[in-house]
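J.: What follows is a predicted protein model with its sequence.
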Amino acid sequence: MSTMATPQLTVESAKRLAAYRAVDEHFPPHARHIGIGSGSTVVYVVERIAQLSREITDPIVFVPTGYQSRELILRAGLKLGSIDMHTELEVAFDGADEVDPYLNCIKGGGACLFQEKLVAVCAKKFVVVADYRKLSPSLSTHYAPGIPIEVVPSAATYVLARLTALGAVAPVIRMGGTAKAGPCITDNGNFIIDAPFPDGFIPSSSSSSRLSPSKSISPTSSSIAIDASAVGMGGERVGGLELLGKEGGHPGAAVGMGVGANEKVEDLARVLKGIVGVVDHGVFWSGDRKPLVAYFGMENGKVETRVLHT
Ligand SMILES: O=C[C@H](O)[C@H](O)[C@H](O)COP(=O)(O)O
């Protein structure tokens, strides 16, 4: 008896599958304003949209999340808008670097997180497209660089220290790469800090939302509940209580919360946002915007969806 091996899809094919399915299922029939995110998976979103008839796409203004998606829109011959002119979008499609079982995401691997978040919060529906590598039991587990954080350049050193006090392991200012000496500069003229946290440091958390997965992953880590309204970290002021940060030399120590205590996603998101000099961070959570649905192209050629029920 011969056994037929399931063909393994390339990552690019998996991205395309997810993107096409997302567009097919969420492109609004009479759309007027659509957000287009950043990254390599969104390329296939635009590719699929460009296959629609001009009768459908001509009346639509496409709002990019940065320079890269602006170029994608223009090259596809679609009508370009901007988020400062169009703040009500029917849907926004975007990629993600890591997605936990409750659809909390890490984004910003391409340094576009701030405008991505802005576009996402302006969209009635936020749809994420990704490949199987992005599925994760908890944030900062599979995506090695950790949480991307956009910072005002003059505050970068301070923010690095605060992140270390919070438990980040060797956070770094992202460099521009071979074609750019010095730091990577965002579309808003800021720096990006990449802050990895230890595996399981940020247990997935449903917040107030339930997930209805096609197949969900069980969270593996347990959460120590923290009342972020009462507990500050890293010397930042949260809920009116100022605390000192790193204690006893232990990375991750924060006065009042216990050494190395795990953060729930929402607690960490709030604290990161509160650090002076942080413009925004790449955690997309229920306090700003989680995707309503995420599509994952799988190695076996299928597409998995995860849907959020609020
Ligand atoms: O800043 C970049 C974005 O958040 C991207 O959407 C994210 O990095 C995913 O990109 P890709 O689809 O290339 O994996």
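T.: Good, I have the coordinates.

J.: Which residue would be the closest one in this protein to the ligand?
T.: Residue nearest to the ligand within the chain (Cβ to the nearest ligand atom): residue 39, separated by 2.6 Å. All C-beta spots, glycine's among them, are computed from the backbone N, C-alpha and C.

J.: Quick check: nearest residue in space to that residue, chain neighbours excluded?
T.: residue 95 (3.7 Å; Cβ to Cβ, 6 or more residues apart in numbering).

J.: can you count the residues close to that neighbour?
T.: Neighbour count for residue 95, taken as other Cβ atoms under 10 Å: 28.

J.: switch to numbering from 509
T.: Sure, I'll start counting at 509 from here, so that last one is residue 603.

J.: doesn't residue 550 make contact with it?
T.: Yes: at 5.3 Å, residue 603 counts as touching residue 550 under the criterion of Cβ atoms under 8 Å.

J.: which strands and helices sit next to the lengthiest helix in the chain?
T.: Ordering each helix of the chain by length in residues (DSSP state H) puts helix 519-534 first. Other elements packing on helix 519-534 under the criterion 3 or more Cβ pairs under 8 Å, 6 or more residues apart in numbering; DSSP states H and E are helix 550-558, strand 597-602, strand 631-639, strand 801-805, strand 811-817.

J.: would you turn these into TSV with distance to the ligand and mean neighbour count?
T.: As requested, the helices and strands packed on helix 519-534 are exported to TSV (distance: least, Cβ to the nearest ligand atom, whole Å; neighbours: other Cβ atoms under 10 Å):
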stretch	distance to the ligand	mean neighbour count
helix 550-558	6	22
strand 597-602	5	25
strand 631-639	7	24
strand 801-805	11	25
strand 811-817	15	17
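
J.: Any stretches of the stretch 559-708 of the chain with poor pLDDT?
T.: Across the stretch 559-708 of the chain, nothing is flagged by pLDDT under 70.

J.: which bits of it sit near the ligand?
T.: Residues of the stretch 559-708 of the chain lying close to the ligand by Cβ under 6 Å from any ligand atom are 602-605, 615-621, 624.

J.: still on that earlier bit, shared neighbours of residue 603 and residue 550, which are they?
T.: Taking Cβ atoms under 8 Å, 6 or more residues apart in numbering as the criterion, residue 603 and residue 550 both touch residue 637.

J.: Provide a list of residues in contact with residue 800.
T.: Taking Cβ under 8 Å, 6+ apart, one finds 633-635, 815-816 in contact with residue 800.

J.: separation between it and residue 700?
T.: 27 Å (Cβ to Cβ, to the nearest Å).

J.: what residue lies at the spatial centre of this protein?
T.: residue 615 (2.5 Å; Cα atoms, centre = their mean).

J.: Wait, that one touches residue 627, no?
T.: No: assessed by Cβ under 8 Å, residue 615 is found out of contact with residue 627, at 11.1 Å.

J.: Now list whatever residues contact both of those two.
T.: residue 602.

J.: Nearest residue to residue 783 in space, please, no chain neighbours.
T.: residue 670 (5.0 Å).

J.: all strands in the stretch 609-758 of the chain, in order from the N-terminus.
T.: 613-614, 631-639, 655-659, 680-681, 699-703, 718-721, 745-746, 749-750 (DSSP state E, counting those that start in this stretch).

J.: So which of those is the most surrounded?
T.: strand 613-614 (a mean of 30; mean count of other Cβ atoms under 10 Å).

J.: And it, how far out from the chain middle?
T.: 3 Å (Cα atoms, centre = their mean, to the nearest Å).

J.: do the same with stretch 631-645
T.: How far stretch 631-645 lies from its chain's middle: 8 Å, per Cα atoms, centre = their mean.

J.: Surely residue 624 is in contact with residue 615?
T.: Yes: the criterion here is Cβ under 8 Å, and residue 624 meets it with residue 615 at 5.7 Å.

J.: Residue 612 versus residue 774, what's the distance?
T.: Distance from residue 774 to residue 612, by Cβ to Cβ: 8 Å.

J.: okay, now residue 779: neighbour count?
T.: Neighbours around residue 779, by other Cβ under 10 Å: 24.

J.: Reformat the contacts of residue 800 into TSV and put distance to residue 651 next to each item.
T.: Below are those laid out as TSV (distance: Cβ to Cβ, whole Å):
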residue	distance to residue 651
633	24
634	19
635	20
815	22
816	20
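
J.: ok, of the residues you listed, which one's closest to residue 675?
T.: Taking Cβ to Cβ as the measure, residue 675 lies nearest residue 816 of the contacts of residue 800, at 27.3 Å.

J.: Model confidence score at the closest one, please.
T.: The model reports residue 816 with a pLDDT of 84.

J.: nearest residue to it other than its sequence neighbours?
T.: residue 611 (5.0 Å).

J.: Many thanks, we can stop here.
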